[in-house]
Each structure stands twice: as structure tokens, then as C-alpha cells.
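> Quick one, what's the 3D model for this:
(chains A and B, ligands or ions: 2)
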Amino acid sequence: MVEEAVEAKNQAVNKSLKEIVVETKNLEKIYDGKVHAVRGVNFELFDGEVLGFLGPNGAGKTTTISILLGIIQKTKGDFSIYGKDINDYKTIRELIGYTPQELVFYDFLTVQENAELFADCYQIQNKKARINELFDLFQLTELKRRRAEKLSGGQKRRLNLVLGMLHSPKILFLDEPSAGMDPQSRHILWENIERLSKKEGISIILTTHLMEVADRLCDRILIIDYGKIIAQGTPDELKTTYGAEELIELIMDESLDAKLNDSFIVDLRKEFSKITFHENKIKIFTKNGASLIPDIIEIAVKLDVTDYIKSLQLRGSTLEDVFIGLTGKALRE
Amino acid sequence: MSKIKLFYSLLKTNILSITRNKTAFFFTIIFPLCFVGVFGFAFQWSDPITSSKTIGIISYDTGIDESVIAFWNTSIVNQTFYSEEYIRVLDTVLFPESNVTIFDVHVFNQSEHEDAQELLESRNIMALVTLPENFSTGVLAAFRSKFGDDPILTAATGNWSGYPSSDFKTVLLVEGDSTLQDFTVTGTIIDKITQYFFNFGESPVEGVIIDVYGSLLTSGFTVFDFVLPGLIVYAILNNLGSTTDIALSDIERGTLKRLRLSKVTPPMYVFSILASQMVIAFIQIPITFATALLFGFPFSIQILYAFLPAIFLSLATSGMGFIFAGVVRNASAGRGLAAITATPIALISGAFFVIPNPTVIPNILGNSVGLFDLLGAAPAIRIFRGLLLHGNTLSNHLFDLILLIVLSALFLALGLFLYSRKHFKPE
Ligand SMILES: Nc1ncnc2c1ncn2[C@@H]1O[C@H](COP(=O)(O)OP(=O)(O)OP(=O)(O)O)[C@@H](O)[C@H]1O
Ligand SMILES: [Mg+2]
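Ligands and ions are numbered 1, 2, ... in the order given. Now for the predicted structure:
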């Protein structure tokens, strides 16, 4: 008891030592009086932290970011960046960087011209040096004379990213930065994000659909669904709190009769409380998986579906499992 | 300093959005040149206006008392009916460097007034000049006004006794169909001859001519010459679409969002669009003019004056562009709307031929304002015609210039209000 109290106190002290850079209180957004996109969101972003917004399509991630940036108006609640209210943003404008989910630049300008324009828009001093630095980091140097419209999808993504960072912001909002990138580009991106947050102390809010990314990059994750934060914590915390300690995954053969498949699941449900079924994958979340496998086999034998089990695996849970356990949906990019 | 750089960057981007876009480049640069080319080509062989124009004259002149001028012995002054001399001048004046008379004059009796009116309506005569009862008295008044200070003449006329006072005015009526280009030319020449006739300096005659200003230079112009100033205005009017396009594309592309997050202020953004349109207009004027020269349009240094009204025409056009951008839902609708409006505006403003223009304000600062003048292009066309065809300067067109400035301010204010209300506020 005493130890726990001391621990809690230490944590509180640690937290308070870190400066809060972004804060929201009961933030809400209703579009056109109809679509309730954000329903009371509360969170803080601490200095130097990478905070992940994880949520299915339409969860309200972009809406939340857009409110914080002042692009759209909140319906209710409060928020501040560096303690400043939206009306005082003028003074902190250059501290904020943004990479929208869509590709936003002038197609008819070259890569270099786009960068120069937005650098001028922030009136940055050592324009050429900064542009070269970012082009090198994101491997755009070779492409700088090409018209933006002629870039490939992933190259456009990289330009989109660079344009939000030209003015060396202190807080970076990255909305789906990795969409459409190949593994190599993604790798470069992750490295750069790590470098920015750890070495330069930039605080980052990023949205992603990639669990692997959230797991690896984010200090903390907010799982958002239907405009609400339904879980939050470090990736590890989420896994221990919400994830089953173990997961039994059965992959069924496609040729299995649908009715038979259904009755198999129904019978499994009688035994196990946490089951998800998606396409031909059955996932059973449980504490002591190994001892339960005989039970599963027994049910399979009873229904005569053993021949249709393509594989049966036992593994520790991932963030994706947590996510699906919580939102009941599979995420797609 | 970096503010200027920022503004320059935005301006450059807006101009590149036109020059690097094939459609936009075609509409702003190539299309007006094609128009000039087509008109120039089509009317290349049209006769300059050097054939005689038939006009009618009715004189109500009652002459003057012979005693007033008894001692004069010169051919002009020594008459009792100056109208006769005036009619003789009209009947005999020739086109420059030619032996063709400008007018074929029909003199009508006072009893034939209605017949004359009918001939005018059926366009058998181009203009009908009515000389008032006090026409001759007006000539004397003009004479006194001009020479009233001359001691020798003052002595000879016995302190101008019997003369009308020098501010006496007589009204000469010139009627015709102002929608006809022929009347425009005819009226101009009559006006000019009248000025020459009363060549005593400030004329006491008010030539009542609608839509006319000019010089005897007009005797040489072709239909193409007449149309060209309108074509330059049309080129600038076509930029209506560019403003709408830039303003709405920045929203659709999301670039306005990026700009708004940066240090770009709304006024700076808007001004960069306006400035880009002015730059385009400043490119359009010399290239359309140069193309016209190729087709025989007479060179006139007055083209330099055209840049000033062009600024305001460009502002008025951008204002309309912003109005469109402020009311439509998306860029393609805006572009479509702009594309189908520029040509009708040019048409009703009289860019291609003169169009009846119902008066809405009969008298403001001594000028009347027509309904279609309110779009801004019509005053601009009149200014351009005056500059390029009649060798006028801007001071001859002060009213139209002021009208254009006022209208451009109104369009801009409305356009910016509508646009910013919709697009500069967070959703
Ligand atoms: N301008 C708008 N007008 C009306 N509804 C909107 C608008 N923008 C977003 N929405 C709705 O608000 C909800 C949240 O959208 P939002 O873009 O924030 O989701 P998201 O979490 O970013 O999704 P994704 O992962 O697909 O990017 C959705 O239901 C969406 O349809
Ligand atoms: Mg989104």
C-alpha cells in the first residue's frame, strides 16, 4: 500500500515536471448540427512526446486535429496550445507544423518551388539550407526540379511532409503521414520522426492506421472510436490492460460450409467469452491458452470440422488485437 | 523585407497558375489574340469610312438684323442668315486628301420636318441636324465672346451695341440612332465641323450629340479599328475566370489552409491575386495592341494611357471573380459561371458594336449613366476608344474614369465580403 502511494506520487511529480504543450477539455464537434464527429475528448500532449491517435475511419481523428489547428471551429469544450487560446495563435503560429491527410501543395510548381513558396510564407531565414536539409532527409533532392503533379504517390507524401516542417516547428501534427508509402519510405519516415522527437525535442501528434507504427513510435496512444477516447496509455500498458495475455488464432479453410462454420463459432462462444471472427480467422483471447487447446479440438471433433482447420496458433497479443478487442473492427489503411 | 519576398512568392505562384495551365493560358493570352486576328482578318478589306454620308438639315434660323453688321464686309460675317453659310460648309467639306465630300446634304423645309424624321427612322439619312431660330444670333454671340476684348472691334461696333451677350447659348440638335456605328462617325464629324464653324474659341453652340466625341481623324477608320478597343477590354474581362479559379482552387486543393496556418494574412493573399490579374492585364494590352498593329490598326502613343484604366478594369473584374467565388459551391461551378458571363458582359458593354444602353441616372456631375455602364466595362471601352481612335487623353474621360474607379471599389468590396465570409472563417 505504502509503496503504491509513493509510486503514484512519483509519477504525478514526473508528469508535472513535463510541460503540457497541448491540452483539450471536453472537446466536441458537431458538423452542420448533424454529424457528431468528436464527443468530449480530453487529453494532454507533453513536451517532446509522440502521441498517437489510433482509430478506425471516421473516428474523428482529423476533426480533432483540425480544431486544434484552428482550421475548423469547435462546437463545445476548450483547448489550448502552449497555454494559448485560439485567439492568441498569432504568436505561436510558427511553432506549429502540419501535414494534412490529403496531399496539399501546388501541382503546377516544382518540388523546389513549392518548398520555397511555403518557406517564404513562414519568412524563414536560411531558406536554401533548410530546404536542402529536409530534401536530403526525405530523399527529394533528386526530384527537386520535377513538377509536383508528376511525382509518384509516395513521393508526393514526402513532399507533403516536408512542406509542414520547413519552419522547424516545435509541435508537429501528422495526419496519416505514411499512407501510400512503400516500406523503404516508411522506414525513412519512422527514423526521421524518432530523430525529430528525441533529438530535437519536437512534440508530435500523429494519426495512423498502422499498429506496428503506433507500437514502435508512440510514447502514448489514444484509441479513438466514434469521437471518443476509449482507451489510452503507453503501447505496453494497453497490451497488458486490454490485451489478452494470450491469443489462440485458428485459420479455417475457405471451403468450410458457412453453416457449419457458424455452429462451430456458436459452440466455441459457449466455452470462451472473448472471440472475434473475421474472414476466415477465428481469434480467441484467453489467459491460459495452452491448457484450452484440447477443449477447442474436442469441439472441432464433435462438429467434424477438424479437417478444415488450416492452422492453429498460440501467441502473445499485439496492439492490433487490443484494437480489435476494443473497437470490434479491423483497421484498414 | 521578407514581407515583400512573401508577397512576391504568392504573386509568382498566382501568375504561374495561369501560365503553366494550358486552358488558363489559352483563355488569357491566346484567345484574345485569336479574336483580334479574326476581326482584323475579316475586316481587313472593309472600306475605311470615306464614302459620303447622307444627312438632312432643317433650318429654323430667323437671321439677324442687318443693321448690327452693316459695316462689315467679309464673306462670313456680312450675312443675315449664318445658317446658309453653315449648310454650305457641311455640303462642301471633303475627306482629307480626297475630293469626296463627307456629306451628301439634303435641306428640308420647315413643313417637311415629319418627312425628314421618317427618312431618319428608315435610315435613309444618317443624321438630322436642326438649326434653331437663334442660330445666327448664336454666331454673333460667339464672335463677341471671342473678340469682346479687342479695342478696335469694340470701337467699330459701338461697344457691341445690338450684339447678344457673350454668354448667350444656342442649341443645335443632331439626331440619329446612336446604336449605329455610322451615326457615331457622322455625329462626330458634324460636331467637329460645327466647332470649326464657330471657330471663335469657346463655342456658344452646344452640339447635342449622343455617344460622340472625336476628331476628324475618324474619317479613316474601319470597322476593325472601331472594334479593337473593345477587344482589349474583352481580353481583360476574360480574366474573370482566373480570379474565381485561383480563389476556389486554393480552397479545393487545401493550399489556402496551409497558407492560413502560415504568416500569410487574408489581405496579403487577396492582394496577391489582384496584383496577379493586373500583371496579366499589363501583358494583354501590349500584345493585343501589337497584334492589331499587324492588321493595320493605326499606332497611337495614347496606348500608354490605357494602363491606368486597365488597373481599375482589372480590379472590377477581379471583384466580380471574388463575388462568384463567394457564392458558388466549388471551383468547377465557379469557372463555368465565369466562362459564360465574360462574353455577355463584353457584349452588353458594347465591346463589339454599340448597344442601346438605357439611362438609369440621367444627370450626375453633368453626365448620364446607362444601365450597362454599371458593369464597369462600358466606361472602360469608351475610354479606350477615346484614347486610341480619337487621340484623346485621360482628362477627356475623367467622368468615365471616376465611374470605373467607383465601380471597381464597389465590386471589390462586395466580392471580398462574400468570399471572406465563406472562406476565411473556420468551418
Ligand atoms: N466537413 C464535414 N462535414 C460533415 N461531416 C464531416 C466533415 N468532415 C468530417 N465529417 C464526418 O465526421 C466524422 C469524423 O471524420 P474525421 O475526418 O475526423 O475522421 P478520421 O478519424 O480522420 O477518419 P480517417 O481515418 O478516415 O481519416 C466522419 O463521420 C465524417 O464523415
Ligand atoms: Mg482523417
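> neighbouring contacts of stretch B:127-139?
B:53, B:55-64, B:79-83, B:86, B:90, B:116-117, B:119-120, B:164, B:168-176, B:183, B:186-187, B:190, B:198, B:204-205 (CB atoms under 8 Å, 6 or more residues apart in numbering or on different chains). Using the backbone N, CA and C atoms, a C-beta is placed for each residue, glycine as well.
> Keep only those of the residues you listed that are in strands.
The strands, defined by DSSP state E, take in B:53, B:55-59, B:170-175, B:205 from the contacts of stretch B:127-139.
> buried subset of the contacts of stretch B:127-139?
B:53, B:55-59, B:61, B:63-64, B:79, B:81-83, B:86, B:90, B:116-117, B:119-120, B:164, B:168, B:170, B:172, B:174-176, B:183, B:186-187, B:190, B:198, B:204-205 (16 or more other CB atoms under 10 Å in any protein chain shown).
> how near is the spatially most central residue of chain A to residue A:181?
Here the mean C-alpha position of chain A is nearest to the C-alpha of residue A:208 (CA atoms, centre = their mean), at a distance of 3.2 Å. The gap separating residue A:208 from residue A:181 is 11 Å, by CB to CB, to the nearest Å.
> among the helices and strands of chain A, which has the poorest mean pLDDT?
Using mean pLDDT, DSSP states H and E, helix A:2-17 stands out as the lowest-scoring helix or strand of chain A, at a mean of 55.
> Can you tell me which helices and strands the host helix or strand of residue B:10 packs against?
Element membership for residue B:10, per DSSP states H and E: helix B:2-19. On a contact count with 3 or more CB pairs under 8 Å, 6 or more residues apart in numbering or on different chains; DSSP states H and E, helix B:2-19 meets helix A:111-121, helix B:22-25, helix B:240-253, helix B:266-294.
> and the angle for that helix with helix B:266-294?
Relative orientation of helix B:2-19 and helix B:266-294, computed by axes from the mean of the first three to the mean of the last three CA atoms, to 10 degrees: 50 degrees.
> now helix B:2-19 against helix A:111-121, angle please.
Using the same axes, to 10 degrees: helix B:2-19 against helix A:111-121 is 140 degrees.
> The helix or strand harbouring residue B:411 vs helix B:266-294, what angle?
Using DSSP H and E, residue B:411 maps to helix B:398-423. With the same axes, to 10 degrees defining the directions, helix B:398-423 sits at 130 degrees from helix B:266-294.
> Show me which residues of chain B sit near ligand 2.
Chain B has no residues near ligand 2, with proximity defined as CB under 5 Å from the ion.
> any low-confidence regions in chain B?
Judged by pLDDT under 70, chain B has its weakly predicted residues at B:1, B:44-51, B:69-79, B:95-98, B:178-182, B:184, B:199-223, B:426-427.
> Name the residue of it that lies nearest to ligand 2.
Closest residue of chain B to ligand 2, CB to the ion: residue B:254 (12.9 Å).
> do chain A as well
residue A:62 (3.1 Å).
> can you pull out the strands in the stretch 201-333 of chain A?
Along the stretch 201-333 of chain A, the segments classed as strands by DSSP state E, counting those that start in this stretch run A:203-208, A:220-225, A:228-233, A:246-252, A:275-278, A:281-286, A:309-316.
> And the chain, split by domain according to the record?
Reading this off chain A. A:15-240, A:244-316 (automatic domain parsing).
> Wait, chain B was what I had in mind.
According to automatic domain parsing, the domains of chain B span B:3-45+B:222-423, B:53-198.
> and those domains, which is most packed in?
Stretch with highest mean neighbour count among the domains of chain B: domain B:3-45+B:222-423 (a mean of 19; mean count of other CB atoms under 10 Å in any protein chain shown).
> Can you give me the distance of residue B:357 to residue B:375?
11 Å.
> Likewise for residue A:290?
Distance from residue A:290 to residue B:375, by CB to CB: 84 Å.
> Could you do residue A:132 as well?
50 Å.
> And for residue A:125?
Distance, residue A:125 to residue B:375, by CB to CB: 47 Å.
> From the centre of chain B outward, give me the first residue you hit.
Short answer for chain B (CA atoms, centre = their mean): residue B:382, at 1.4 Å.
> what's the closest residue to it other than its chain neighbours in contact with, if anything?
The shortest distance from residue B:382 to any residue other than its chain neighbours is 5.2 Å, reached at residue B:400 (CB to CB, 6 or more residues apart in numbering or on different chains). Counting by CB under 8 Å, 6+ apart, residue B:400 touches B:379-380, B:382-383.
> what's the answer for residue B:13, then?
A:106, A:109, A:113, A:117, B:272.
> Settle this for me: the residue of chain B closest to ligand 2 is touching residue A:100, isn't it.
Yes: the criterion here is CB atoms under 8 Å, and residue B:254 meets it with residue A:100 at 6.0 Å.
> Count the neighbours of whichever residue of the stretch 151-300 of chain A sits closest to chain B for me.
Using CB to the nearest CB, the closest approach of the stretch 151-300 of chain A to chain B is made by residue A:163 at 6.9 Å. Neighbour count of residue A:163, defined by other CB atoms under 10 Å in any protein chain shown: 27.
> So which residues on chain A come close to ligand 1?
A:31-32, A:35, A:37, A:55, A:57-63, A:101 (CB under 6 Å from any ligand atom).
> which intervals of the stretch 201-333 of chain A have sub-threshold pLDDT?
Short version for the stretch 201-333 of chain A, where the test is pLDDT under 70: A:243-245, A:317, A:328-333.
> hmm, 80 instead?
A:209-213, A:239-247, A:273-274, A:285-291, A:315-333 (pLDDT under 80).
> Residue numbers of it in contact with chain B?
For the stretch 201-333 of chain A, no residue is in contact with chain B (CB under 8 Å from any CB of the partner chain).
> would you say residue B:369 is within a strand?
Yes: the assignment for residue B:369, made by DSSP: H, G, I helix; E, B strand; the rest coil, places it in a strand.
> Skip the chain neighbours and tell me the closest residue to it.
In space, residue B:369 is closest to residue B:361, 4.1 Å off (CB to CB, 6+ apart).
> The one you found falls within a strand, correct?
Yes: judged by three-state DSSP, residue B:361 forms part of a strand.
> doesn't residue B:374 make contact with it?
No: using CB under 8 Å, residue B:361 is not in contact with residue B:374, being 9.2 Å away.
> Who are the contact partners of the residue nearest to the residue of chain B closest to ligand 2 when sequence neighbours are not counted?
Nearest residue to residue B:254 in three dimensions, chain neighbours excluded: residue A:104, at 3.9 Å (CB to CB, 6+ apart). The neighbours of residue A:104, taking CB under 8 Å, 6+ apart as the test, are A:160, A:163, B:253-255, B:257-258.
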